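Q: this is a predicted model, with the sequence first.
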Amino acid sequence: MRSIIFYSALSSVLSVKAQNITQTSSISFSATPVSTAVPSATVPADTPVPGQGDYPPVQYLCEDGSNTTYCPGVLLQDVQLAGIFPDSKTFVDKPTNGSLNDTLAAFNALGSNVSVGQVENFVNNNFKGEGLDLNQIPIEGFVQSPAILNNISDPIYKAWTSIVNSYWTLLIRETNESSICNGQCDSSLIPLNHTVVVPGGRYREIYYWDSRWIIEGLLKSELYSYAWNLLQNMMDFIDVYGYIPNGGRKYYVNRSQPPMFIQMLDAYIKVTGNTTILERALPLASAEMEWWANNRTFNYTSPYTNRTVLVAHYAVNNSAPRPEGYVEDYETVTGASPPLNDTEKAELYSELATGAESGWDYSSRWTKQPLLNVSDNNPALRTLNVKAIIPVDLLSLLSGDHALLADLYDLYANSTGNMVGSNSTSGSNSTDIVQNNSTGTSSSGNSSSPAFYHRQQAQAFSDAVLDLCWDPEKSWFYDFNTTSNSRSSVYSPAGAWPLWQNITPSELSNNETAALAFVSGSRFLLGKYSGIPSVASLLYTGLNWDFPNSWPPHLHTTIKAFETLGRLYPDASTLNNLTIPYSEVAQGQLGVQEADLQPQPASTIGNVTLQTQEAQGKPWPLALSIEYANRYLGAAFCSWYSTGGAIDGLLTQLPLSELNATGTYTAGQSGVMFEKFNATDTDAAGGGGEYTVQVGFGWTNGVVLWAAGEYGQYLPSPTCPMIPIIEVNGNGNSSVYSNGTSVEGTGSRANGTSGNATSSLLFAGYRIPREEWKRAADEH
Ligand SMILES: OC[C@H]1O[C@H](O[C@H]2O[C@H](CO)[C@@H](O)[C@H](O)[C@H]2O)[C@H](O)[C@@H](O)[C@@H]1O
């Protein structure tokens, strides 16, 4: 069952708002200093670079003969395997100093059997700093006090959200033409015509699915022109490539990411009411869907119903290391024992790139044996099986995309009197012609109309989700594994995406008990872990998209699923206990026995209550949304505060001793926004995977603004498990502790009585350092 979306009334109200960007104020701008990595050998300079003579085949993205510096080949491999940068992405983001020909000539002059020292000099002499091909630029039309702030009751959250609102200034970029010598130097950057908003850290360029949550935040910040620009960039991508690449670098053009363009377009139009974008967007959105249809979908016979259903998977044609993860992929593939033959190597490289296309790089969802070694990703990665998985989130998204696109075609027809003409069943090209429809009415009943076609596609994917992915006994949605011809048992927040996209099994639509069974795992996790409960999975593998990492997109999509249940059950009951024990979770839903769950270290809970007062007495879908929003904002806030954040007149920066105690603070920081969090520790960032945790961060900020905007009226003051919250008192010059968790030896902070800001007594319970925690978890 799918809810119909009515745009017209909304658009007339909101078109006024969209224009209303006059209440703006300027914001001071000084570009964040760019620190670029200097090559530094970790072995004696005369050590030969490993792997020479064993190079991967030329990839199709480089087939035009452009033996560029970022394409897999001799130069790239020799530089990457020289090991002169700790992060493989650094080198491929460096523009050259001179022309490509000069750079290649300098490299060729090194001759054969190059040494690490030679490579170090070559890079030093021929390349600029990574990311210099983009410029940070001042924000225009900044809105100091967007309306969402009025929704937030708690003064600390309100002031902090206002700070997060200003962080867009750190993430706005445009192409730096001079650093790429107006196209004469070599650079992996895909120059774009419009400003971009980047995730941050090593992610210096635009990212496809990240932009979904960045736009959500930009809209809450009333920065409509930046949302418009992101959409224009996405459309330019489709124009040029026929699809949207993983990110804005040429080394990403062999793959896409979860298809979010139509979702972003829809969000933009719902908020701004500006439908003028549709004229360009509709044919391009159709083209994108066509690309997925032609390249990533197939028919599959369901073992459950014997019906043939339309399904999709991630699948990347690639037989070389990912340029931005070269060392990691090379080691994964060449370190296999027994050694892989060329066909097996190519297949594993393809699997690695495919994992990156999924956005979940990497996860137990995609591996045959996820638990081989939690401190070394490679053994599990060698069992990657991504292409054989039909991901429940991808199917749901494609269904939702087609459904929204059909609605957008109707909206366009109604708003202009035009009908975008017959598209397309699979195989047609994307250049739809705008035809006049004299009635200006919905085209959905017309079987040759695009809206009709897209509704059919939406239904087909939705049918597949319900057939292959829905498990009525476990009351959750799972990936489908074509290798075993059965549903996967890995519980993950991807299973909430069908409800997010309004795909509702009949069991859930008129039976509140069944709906409660669906959220039973969510309720249990809310009580079990102190951090954000929409954790990537329950398997602790050391991979980036597994326990204990909780990612901002999943907080948003899980709450959206709760909101769908709220619409299905407008009179939902209130529950005395929102959290439940494992024994009350729908049998088998979590895919692991209680004893196999990772523990919640008591030391990282403090005495923070796991349920808020504010959620009590509310219908359960709303109560769950409040709890999840509260956990998310708590984690984003506490990790920001524990890395040096302060709020003028409200919140004092923690003393240095305390900042150092959290283990995430780097000298000089003044509060950072992490890309991911730790489900067991509200103060901490996530970890694991192939790169160190990044800060910035586009989707984190977007989801903060969204969650604060939607649920801010229900949020209690923040409490951070292992750190005090030091508020500036009425005099403005001394501090009191309030709201904080009580720390042994005080017991006074919870009621706001004064304490000593620097007393070490207050900080008796330092967190267990992550490494120790890992060991404890291993032993468990
Ligand atoms: O370099 C490793 C991988 O980095 C990216 O993936 C991660 O960051 C992205 C940007 O925030 C995010 O979209 C993705 O979900 C993360 O796993 C990149 O997208 C990968 O292609 C790349 O190999």
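A: Arrived safely, thanks for sending.
Q: how about the residue in the chain that the ligand sits nearest to, secondary structure?
A: Nearest to the ligand in the chain, going by Cβ to the nearest ligand atom, is A356, at a distance of 3.5 Å. Heads up, the C-betas are built off the backbone N, CA and C, glycines and all. Put simply, A356 is helix when judged by DSSP: H, G, I helix; E, B strand; the rest coil.
Q: that one reaches R322, doesn't it?
A: Yes. Contact criterion Cβ atoms under 8 Å: A356 and R322 qualify, at 6.2 Å.
Q: which one's more surrounded, the two?
A: Counted by other Cβ atoms under 10 Å, A356 and R322 do not tie: R322 has more neighbours, with 27 against 24.
Q: now Q232: how far from T195?
A: Counting by Cβ to Cβ, to the nearest Å, the gap from Q232 to T195 is 9 Å.
Q: pretty sure E279 contacts Y412?
A: Yes. If you go by Cβ under 8 Å, E279 and Y412 touch, sitting 7.5 Å apart.
Q: can you list the residues of the chain near the ligand?
A: 89, 199, 203, 207, 209-210, 246-247, 322, 324-325, 356, 359, 361, 544, 675, 690-691 (Cβ under 6 Å from any ligand atom).
Q: so of those residues, which ones are in helices?
A: K89, W209, D210, A356 (DSSP state H).
Q: which residues does the first one contact?
A: Pointing back at K89 there. E130, R202, E324, G325, Y691 (Cβ atoms under 8 Å, 6 or more residues apart in numbering).
Q: with the last one instead?
A: Applying Cβ under 8 Å, 6+ apart to A356 gives the contacts N246, R255, V316, R322, G325.
Q: for the second one, helix, strand, or coil?
A: Judged by three-state DSSP, the three-state class of R255 is coil.
Q: burial count for it?
A: 23.
Q: contacts only, for it.
A: P245, N246, Y314, V316, N318, A353, T354, A356, E357.
Q: make JSON lines out of those residues and add pLDDT.
A: Converted to JSON lines, the contacts of R255 look like this (pLDDT from 0 to 100):
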{"residue": "P245", "pLDDT": "98"}
{"residue": "N246", "pLDDT": "98"}
{"residue": "Y314", "pLDDT": "98"}
{"residue": "V316", "pLDDT": "98"}
{"residue": "N318", "pLDDT": "96"}
{"residue": "A353", "pLDDT": "98"}
{"residue": "T354", "pLDDT": "98"}
{"residue": "A356", "pLDDT": "98"}
{"residue": "E357", "pLDDT": "98"}
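Q: what is the nearest of those residues to D54?
A: Nearest to D54 among those is N318, at 17.4 Å by Cβ to Cβ.
Q: and that closest one, how many neighbours does it have?
A: 24.
Q: so it sits right up against K345, yeah?
A: No. Counting by Cβ under 8 Å, N318 stays clear of K345, with 11.4 Å between them.
Q: what are the boundaries of the helices in the stretch 401-550 of the chain?
A: For the stretch 401-550 of the chain, the helices defined by DSSP state H, counting those that start in this stretch cover 450-464, 497-500, 506-509, 512-518, 520-528.
Q: tally of neighbours for G83?
A: What G83 shows, counting by other Cβ under 10 Å, is a neighbour count of 20.
Q: contact partners for it?
A: G83 touches A41, T42, V43, V116, V327, counting by Cβ under 8 Å, 6+ apart.
Q: most neighbours among these, which one?
A: In the contacts of G83, the most neighbours by other Cβ under 10 Å go to V116, 23 neighbours.
Q: ok so, going back, who has more neighbours, Q232 and T195?
A: T195 (20 against 17).
Q: ok, that one - contacts?
A: I137, I172, R173, E174, Y226, N229.
Q: contacting residues around the second one?
A: I172 is in contact with Q136, I137, P138, I139, T195, V196, V197, Y226, counting by Cβ under 8 Å, 6+ apart.
Q: pLDDT at P391, what is it?
A: Here, the pLDDT recorded for P391 equals 99.
Q: is it in contact with A315, as I believe?
A: No. The pair P391 / A315 is not scored as a contact, 11.2 Å apart, by Cβ under 8 Å.
Q: looking at these two now, which is surrounded by more residues?
A: Set P391 next to A315 and count neighbours by other Cβ under 10 Å: P391 wins out with 27 against 19.
Q: which residue, other than its chain neighbours, is closest to that one?
A: D479 (5.3 Å; Cβ to Cβ, 6 or more residues apart in numbering).
Q: and the one you found, how many neighbours?
A: D479 has 23 nearby residues by other Cβ under 10 Å.
Q: most widely separated two among the contacts of K89?
A: Farthest pair in the contacts of K89, by Cβ to Cβ: E130 and G325, 14.9 Å.
Q: ok, back up a step: which ones among the residues of the chain next to the ligand map onto strands?
A: The strands in this structure, assigned by DSSP state E, contain none of the residues of the chain next to the ligand.
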